[in-house]
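Asks: return atomic coordinates for the entry below.
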Amino acid sequence: MDKKAQTVLAEAPVLLMWLGMFLIAFVVFWFSITAITDRSIDVPTKLQAEFVALRFTSIPECFAFSDSNSGRVQSGTIDLDKFITEQLNSCYSTELIGGTKEFNFRLELKSLEQEIITDHYVNSDDFTLFKEILVYRNGKWVKDDLLIHVQEDII
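Replies: Residues are numbered from 1 along each chain as shown. Purely as a prediction, here's the structure:
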């Protein structure tokens, strides 16, 4: 064997070692970047639930009071006549995914002691959101607290 062939054979393990170190560094760098990206776009669960729960007091298809004369919707209110389970399930349905990968809610009007739940709620609260609201009841406005008990994925 000539000297040139011996040199190439001697350099091969060093070259493979450098290639392996480069590959390991690239994989570590890739996982670091993806982890940072995932954390930077992750929305906290409570904030997600807050956004979903805004519909309960903001749109007339849920519970918000809508003036029949002017058609104006009063945000941050609840029409007590609408505060029933059927209205909740038509306003927020989890049936498309079986209710297991969505939020499920138990809505409670504190001073009026009324409560309704979504169709797949299983009596286990993960956290509770609080809202001060006005309730339209028998032609009068009553101040109350809406407790929104949130249940995350149930699987």
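
Asks: please identify the buried residues of stretch 80-93?
Replies: Of all the residues in stretch 80-93, those buried under the rule 16 or more other Cβ atoms under 10 Å are 80, 82-83, 87-89, 91-92. No exception for glycine: its C-beta is placed from N, CA and C like everyone else's.

Asks: next one: Arg55 from Phe29, what distance?
Replies: To Phe29, Arg55 is 42 Å away according to Cβ to Cβ, to the nearest Å.

Asks: show me what the strand or helix carrying Leu134 is in contact with.
Replies: Secondary-structure assignment from DSSP states H and E places Leu134 in strand 127-137. The contact list for strand 127-137 (Cβ atoms under 8 Å, 6 or more residues apart in numbering) reads 45-46, 49-50, 53, 57, 65, 74, 76-80, 109, 112, 141-150.

Asks: for stretch 72-90, same thing?
Replies: By Cβ under 8 Å, 6+ apart, stretch 72-90 touches 56-67, 105, 107, 109, 112, 114, 116-119, 131, 133-137, 141, 144, 146.

Asks: so, low pLDDT: which residues of this structure?
Replies: Scanning the chain for pLDDT under 70 picks out 1-10, 95-101, 154-155.

Asks: in it, which spans are helices?
Replies: Counting by DSSP state H, the chain has helices at residues 3-40, 45-58, 85-91.

Asks: how about those helices in JSON lines, adding distance to Asp125?
Replies: Below are the helices of the chain laid out as JSON lines (distance: least, Cβ to Cβ, whole Å):
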{"stretch": "helix 3-40", "distance to Asp125": "26"}
{"stretch": "helix 45-58", "distance to Asp125": "11"}
{"stretch": "helix 85-91", "distance to Asp125": "16"}
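
Asks: closest to Asn123 out of those helices?
Replies: helix 85-91 (14.8 Å; Cβ to Cβ).

Asks: contacting residues for the residue nearest the centre of the chain?
Replies: Centroid-nearest residue in the chain: Gln48, 3.3 Å away (criterion: Cα atoms, centre = their mean). By Cβ under 8 Å, 6+ apart, the contact list for Gln48 reads Phe103.

Asks: for Tyr92, see how far away it is.
Replies: 14 Å.

Asks: what does Leu16 give?
Replies: Distance from Leu16 to Tyr92, by Cβ to Cβ: 59 Å.

Asks: still on that earlier bit, strands - which of the contacts of strand 127-137 land there?
Replies: Within the contacts of strand 127-137, residues falling in strands by DSSP state E are 65, 74, 77-79, 109, 141-150.
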